[in-house]
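Visitor: need a structure here:
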Amino acid sequence: MIQSLDWGQAVSWIELTAAPRHYAVAFPESLKSRLARELDVVVFARIEADVRTSSWLDGVLIEIAIAVEAERLCGLTLDPYVESVRDEMRVRLAPANSTNAPADELGPLVIDLDAEDPPEIVHGREIDLSHYVYECLALAISPFPRKPDAEFAPVEPTESMSPFAALASLVTKAGQGEGHG
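Guide: From the prediction side, this is the model:
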């Protein structure tokens, strides 16, 4: 059964760990407008987020699928266009006292790009799932919006485009004015 989830609505840790859950996140127009301002989008025509939770060891696995249609301004041409995106994200949560939580040991930093991210540590008894939906949304849309057919055509610099062109013209004018006084 799919449950509706309002933005910012906290869900208890006990509810999330007790049984698998399936949520559909509600995006009223006022929320879509606020998110558009925050994420540099002209307008969100559609945002759909499907959130599934299940137990993972002594914590929770959150799986988010998001579908977005957003009107954007091309960074090259400034023309409006529609960006359609589908993306997914998985996050594992562990309670602070868990043996599955990452250790806070300081030592050599080892980065394995193929490994899953370590679980996030949860302090408290409630989780705001909209925090993770926002993260998925922000990562899904392009940080550099560009129309599919837009091409960068560099302009050949000319003498008048030089930052020193204005200075050179002042020097020339000053030089011409000295001998006439």
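
Visitor: hang on, Arg90 packs against Leu61?
Guide: Yes. Assessed by CB atoms under 8 Å, Arg90 is found in contact with Leu61 at 6.7 Å. Every residue, glycine included, has its C-beta placed from N, CA and C.

Visitor: neighbour count winner among those two?
Guide: Leu61 (17 against 14; other CB atoms under 10 Å).

Visitor: count of residues packed around the residue lying closest to Ser12 once chain neighbours are set aside?
Guide: Among residues not flanking Ser12 along the chain, Glu126 sits closest, at 5.5 Å (CB to CB, 6 or more residues apart in numbering). Neighbour count of Glu126, defined by other CB under 10 Å: 13.

Visitor: now Glu126: how far from Pro118?
Guide: For Glu126, the distance to Pro118 equals 22 Å [CB to CB, to the nearest Å].

Visitor: Packing partners of the lowest-mean-pLDDT helix or strand in the chain?
Guide: Across the helices and strands of the chain, mean pLDDT, DSSP states H and E gives its lowest value to helix 165-178, namely a mean of 72. With contacts taken as 3 or more CB pairs under 8 Å, 6 or more residues apart in numbering; DSSP states H and E, helix 165-178 sits against no other helix or strand.

Visitor: thinking again about what came up before, wait, doesn't the residue nearest to Ser12 sit right on Ile14?
Guide: No. Here Glu126 does not reach Ile14: they are 9.5 Å apart, not a contact under CB under 8 Å.

Visitor: If the residue nearest to Leu5 when sequence neighbours are not counted is in a bridge, with which residues?
Guide: Spatial nearest neighbour of Leu5, excluding adjacent residues (CB to CB, 6+ apart): Tyr23 at 4.1 Å. Beta-bridge pairing of Tyr23 under DSSP bridges involves Gln3, Val51.

Visitor: Tyr23: how many residues sit nearby?
Guide: Neighbour number of Tyr23 under other CB under 10 Å is 22.

Visitor: shouldn't it be in contact with Glu48?
Guide: No. Taking contacts as CB under 8 Å, Tyr23 lies outside contact range of Glu48: 11.8 Å.

Visitor: Let me see the contact set for Ala94.
Guide: 57-59, 100-101, 119-122 (CB atoms under 8 Å, 6 or more residues apart in numbering).

Visitor: And Met89, by the same measure?
Guide: Going by CB under 8 Å, 6+ apart, Met89 touches 63-64, 66, 132, 135-136, 139.

Visitor: That one pairs with what?
Guide: Ile64.

Visitor: Quick check: phi and psi on Leu35?
Guide: Dihedral pair for Leu35: phi -60, psi -40, per degrees, to the nearest 10.
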